[in-house]
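[1] Dropping a prediction and its sequence here:
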Amino acid sequence: MEYTIRRFEAETDMESYIRDYVDVEYFGQLCKECPNYGNVWACPPYDFDPMDVWKAYSRIKIAGYQLTFSEDRTEEEMLEALAEVKQKVTDEMYAEELKYPGSQSLSAGTCRICKGCSKPDGKPCRFPDKMRFSIESIGGNVGKTISRLCGIEIEWIEEGKLPEHFVLVGGLMIK
C-alpha cells in the first residue's frame, strides 16, 4: 500500500493558544465517551488541573502530518501506517524536547507505550519518562488547531467510509 506524508508546522505564543484553542471542560466531557477515559495514564481524569500544564509554558509548536493513501487501501493497512508514522512523530517530539530545555512534547493521539496501561490496576505509570499527553487529552482543540494554524482539515472516519487522508498532530510546549 502506498501513501504520501505532508508535514506542517506552526508556532504561537501560549497565551493566544489557550485563548483560541483550549477548552478543558468541553474536551474533558468528550473524553468521558472514550474507552481510554480512566484507563490510560495519559488520559483524563487527572489529579491535576490541565490548565496548569498549559500555563507553565510560553510557546507551543504544532507539528501536523497528513497521510494520504492510495485508493486500494484497507482499514488495516491504514491503521498500520498510522502506527508507524505516529512512532516517527513521537521520536521527533522527543528529539525536539532535547533542543528546548524544560519543554514537554504532546503526543499525536493517546499513549501506546504499553500493551496494557497500569492505571486501571491503581499502579503508577511504568514509563513516566516517555508518557506524554495528547493535545486533546488536556483540553486542546486539535481540529481547530490544525485547521487554523496549519491549513489542514481533518476528515473523520464515518461508518462504512474511510477518509481520503488521516492527520496526526503532535506538539511541543516550550518554557
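    Looks like it arrived, so ask away.
[2] pLDDT score assigned to the residue of the chain positioned farthest from its centre?
    In the chain, the residue that sits farthest from the middle, by CA atoms, centre = their mean, is Asp72; the gap is 27.2 Å. In the predicted model, Asp72 carries a pLDDT score of 78.
[3] Phi, psi for it please.
    Backbone torsions of Asp72, given as degrees, to the nearest 10, read phi -90, psi 30.
[4] Now Arg6. Nearest residue, chain neighbours left out?
    Leaving out its chain neighbours, the residue that sits closest to Arg6 by CB to CB, 6 or more residues apart in numbering is Gln66, at 4.6 Å. All C-beta spots, glycine's among them, are computed from the backbone N, C-alpha and C.
[5] what do you get for Pro44?
    If the residues on either side of it in the chain are set aside, Pro44 comes closest to Cys31, at 4.9 Å by CB to CB, 6+ apart.
[6] how many neighbours does the one you found have?
    By the measure other CB atoms under 10 Å, the count of residues near Cys31 is 20.
[7] What values do phi and psi take at it?
    The phi and psi torsions at Cys31 (degrees, to the nearest 10) take the values phi -60, psi -30.
[8] does it really touch Gly38, like I thought?
    No: taking CB atoms under 8 Å as the contact criterion, Cys31 and Gly38 are not neighbours in contact, 9.3 Å apart.
[9] list the residues that contact both of those two?
    Here Cys31 and Gly38 share the contacting residues Pro44, scored by CB atoms under 8 Å, 6 or more residues apart in numbering.
[10] can you pull the pLDDT of the most centrally placed residue in the chain?
    Centre of the chain computed as the mean C-alpha position; nearest residue by CA atoms, centre = their mean is Ala108, 2.9 Å away. Here the pLDDT value assigned to Ala108 is 93.
[11] separation between it and Val85?
    Here Ala108 is placed at a distance of 8 Å from Val85 (CB to CB, to the nearest Å).
[12] Overlap in contacts, these two.
    Listed as contacting both Ala108 and Val85 by CB under 8 Å, 6+ apart are 65, 168.
[13] ok so, going back, secondary structure element holding the residue nearest to Arg6?
    Using DSSP states H and E, Gln66 sits in strand 59-69.
[14] could you give the angle of the longest helix along the chain to strand 59-69?
    If each helix of the chain is counted by residues according to DSSP state H, the longest one is helix 75-99. Using axes from the mean of the first three to the mean of the last three CA atoms, to 10 degrees, the interaxial angle of helix 75-99 with respect to strand 59-69 works out to 160 degrees.
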